[in-house]
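Sequence first, predicted model second:
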Amino acid sequence: MNNPRYCDGLSRRDVLRAGMIGATGLTLGQYLHLEASGAVQTAAKAKAAIFVNLSGGPSHQDMFDLKPDAPAEFRGEFKPIRTNVAGIEISEHLPRLANCADKYAILRGVSHNIAAHPLGQKYMNTGSRPLPSLEYPCYGSVVTKELPSAPTLPSFVAVPNTPHSAGFLGVRYNAFQTNSTPRPGQPFNVRGITLAGGVTVDDVQRRQRLLADLDQTFAGYEKNSDLVDGLDQFSRRAYDMLTSREARNAFDVTKEPKNLAEAFGPSAFGQSCLLASRLVQSGVRFVTVTFGGWDTHGDNFTRLRTRNLPELDAGLAGLFGSLAAKGLLDSTVVFVTGEFGRTPKVNARAGRDHWARAMFCLLGGGGIKAGQVIGQSDDRAAQPAHEPITPEQVAATFYHTLGIDFHKEYQTSSGRPITLVRDGAVIPELLG
């Protein structure tokens, strides 16, 4: 999957937090097993999340917010089609998503004012407006802190990567990045999961003992280093996964049933969605899938029609279908967004430029009330027709489905108190 440069160059929760699992004699792995079997009751429906990052700024009015009655220079080339939910229409180039519109909700009229790629992505990937003095943690890092997975599995996987970090939470909560995407019918080898080049587990253990000796030698210089401590914890977790059969099986997409796997299509994005589905089924808490190439300043309609929309259609429809077939859709919340939308008017290069005043998001699974449209843009998809939906509201709703208190206050390493989502509020219509 390509990640091109942009045009501008640029209650269960309380138990875990209080450490009561150890006091009851349960290991975290035993607790997670009880939770999976239904023996642990939680208020949140979602136990895991898949975040689909459409990097570059997807064209909302050519995908999920078409304006067929607008003048030609605004409505563009695509026509709307009916979905399997009465009254909801989306792009003609998303036929499979049209047939499963009962599995997700469309947010229209999502709005902010940051029309630059890196800052817009930070906003939509954290739910907090970017500040020059503070790096907010992305969603996956917060979930990793609040809802840890079993020691032999990563809590947060990015396929193939993510530009977003744990921010002030520290490097121990960063994503495990695959740095590549699966190929159809081939086992997916992830560095650090599959041992390559003839390296054995014994080799790794010998190296670990050597590193431990070095760590002890230099420990006196590192006692006050949060970075070193975080890297050490990250390294230990990577080693646990390296020697874990569960982790290797989780990444092996060839073990997926053929009928489910084929539905995702052969593209890098489709296969990444297949991997995300398998990882969640295996116990990974959070998966980010990044799909780049949406910065369509020129030749917007050809690029969407021939590549982006068919791949998105197969991958997302496959994801919703697979999660439903596995009985995981109710317990997995799916969040799809870019950093902003595109300009209402088509430019001289048959493209659309940056536009943050109106965009779309999709939310499905995890207790989200699907088969509906929330919000509305005006007759040219230029701005919200009524009250805007803010990134903070979407973030608050997303966290709420996972049972994470979006009002929670964290502290930076310097002791500065930071609210997880400032000015956030749940969108009540989305909750089933």
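Here it is on my side, so go on.

show me the contacts for the residue nearest the centre of the chain.
Most central in the chain under CA atoms, centre = their mean is Phe51, positioned 1.6 Å from the mean C-alpha point. Going by CB atoms under 8 Å, 6 or more residues apart in numbering, Phe51 touches Asn125, Tyr139, Gly140, Phe286, Val287, Thr288, Val289, Phe335. From N, CA and C alone the C-beta is placed, and that goes for glycine too.

so Arg96 makes contact with Asp313?
Yes: contact criterion CB atoms under 8 Å: Arg96 and Asp313 qualify, at 4.8 Å.

These two: who's more crowded?
With neighbours defined as other CB atoms under 10 Å, Arg96 and Asp313 compare such that Asp313 has more, 22 against 18.

Which residues are in contact with the more buried one?
By CB under 8 Å, 6+ apart, Asp313 lies in contact with His93, Leu94, Pro95, Arg96, Leu97.

Next secondary structure after the helix or strand Asn249 falls within?
Assigned by DSSP states H and E, Asn249 falls within helix 245-250. Following helix 245-250 in sequence order, the next helix or strand is helix 258-262 (DSSP H and E).

now for that next one, which elements pack on it?
When contacts are defined as 3 or more CB pairs under 8 Å, 6 or more residues apart in numbering; DSSP states H and E, helix 258-262 packs onto helix 309-325.

does Ala370 count as helix, strand or coil?
Following DSSP: H, G, I helix; E, B strand; the rest coil, the label given to Ala370 is coil.

Please pull up the helix or strand immediately following the helix or strand containing Ala49.
Assigned by DSSP H and E, Ala49 belongs to strand 48-54. Going down the chain from strand 48-54, the next helix or strand is helix 72-75, by DSSP H and E.

Please state the offset of that next one from the chain centre?
32 Å (CA atoms, centre = their mean, to the nearest Å).

Please export the C-alpha coordinates of that helix as PDB.
This file holds the C-alpha atoms of helix 72-75, laid out as PDB (Å, rounded to 0.1, in the frame of the first residue of the first chain):
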ATOM      1  CA  ALA A  72     -22.200  20.400 -12.800                       C
ATOM      2  CA  GLU A  73     -19.000  22.100 -11.600                       C
ATOM      3  CA  PHE A  74     -20.000  21.200  -8.100                       C
ATOM      4  CA  ARG A  75     -21.700  17.800  -8.400                       C
END
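
which residues make contact with it from outside it?
With CB under 8 Å, 6+ apart as the test, helix 72-75 has contacts from Gln61, Leu66, Lys67, Pro68, Asp69, Pro344, Lys345, Val346, Arg380, Ala381.

Go again with 6 Å.
Residues outside helix 72-75 that contact it (CB atoms under 6 Å, 6 or more residues apart in numbering): Lys67, Pro68, Pro344, Lys345, Val346, Arg380.

Just to check, the first one is in contact with Ala381?
Yes: taking CB atoms under 6 Å as the contact criterion, Lys67 and Ala381 are neighbours in contact, 5.3 Å apart.

The helix holding Asn249 packs against which elements?
Helices and strands touching helix 245-250, by 3 or more CB pairs under 6 Å, 6 or more residues apart in numbering; DSSP states H and E: there are none.

in that helix, what counts as buried?
Judged by neighbour count (16 or more other CB atoms under 10 Å), helix 245-250 contains these buried residues: Ala247, Arg248, Ala250.

Out of the residues you listed, which comes closest to Thr83?
Thr83 lies nearest to Ala250 out of these, by CB to CB, at 32.9 Å.

what's the spacing between the closest one and Ser149?
Going from Ala250 to Ser149 by CB to CB, to the nearest Å gives 10 Å.

Mutual contacts of these two, please.
In contact with both Ala250 and Ser149: no residue, using CB under 6 Å, 6+ apart.

OK, contacts around Tyr141?
One correction, residue 141 is Ser, not Tyr. Ser141 touches Ala166, Leu169, Tyr173, counting by CB under 6 Å, 6+ apart.

just checking, the last one touches Leu147?
No: between Tyr173 and Leu147 there is no contact under CB under 6 Å: 11.5 Å.

re the thing from before, report the set of residues contacting both of Arg96 and Asp313.
Here Arg96 and Asp313 have no joint contacts, going by CB under 6 Å, 6+ apart.

picking that back up, out of the contacts of Asp313, which end up buried?
Counted by 16+ other CB under 10 Å, the contacts of Asp313 give His93, Leu94, Arg96, Leu97 as buried.

JSON lines for these, including pLDDT?
Output for the buried ones among the contacts of Asp313, formatted as JSON lines (pLDDT from 0 to 100):
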{"residue": "His93", "pLDDT": "98"}
{"residue": "Leu94", "pLDDT": "98"}
{"residue": "Arg96", "pLDDT": "98"}
{"residue": "Leu97", "pLDDT": "98"}
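
Among those residues, name the ones in helices.
Using DSSP state H, Arg96, Leu97 are the members of the buried ones among the contacts of Asp313 that sit in helices.

shaky segments in the protein?
For the chain, applying pLDDT under 70 flags the ranges 1-43, 191-243.

tell me the strands in it, going along the chain?
Secondary structure of the chain (DSSP state E): strands located at 48-54, 80-82, 89-91, 105-110, 156-159, 176-177, 286-291, 332-337, 341-342, 354-355, 359-364, 372-374, 409-411, 417-419.

what's in contact with the third one?
Contacting residues not belonging to strand 89-91 are listed as Met63, Phe64, Phe78, Pro80, Arg82, Ala98 [CB under 6 Å, 6+ apart].

which residues touch Leu420?
Leu420 sits next to Phe406, Lys408 when contact means CB under 6 Å, 6+ apart.

One more pass at 10 Å, please.
Contacts for Leu420 (CB atoms under 10 Å, 6 or more residues apart in numbering) come out as 126-128, 136-137, 142, 146, 395-396, 399, 404-410.

List the ones among those that fall in helices.
Filtering those for helices - DSSP H - leaves Thr126, Val142, Glu146, Ala395, Ala396, Tyr399.
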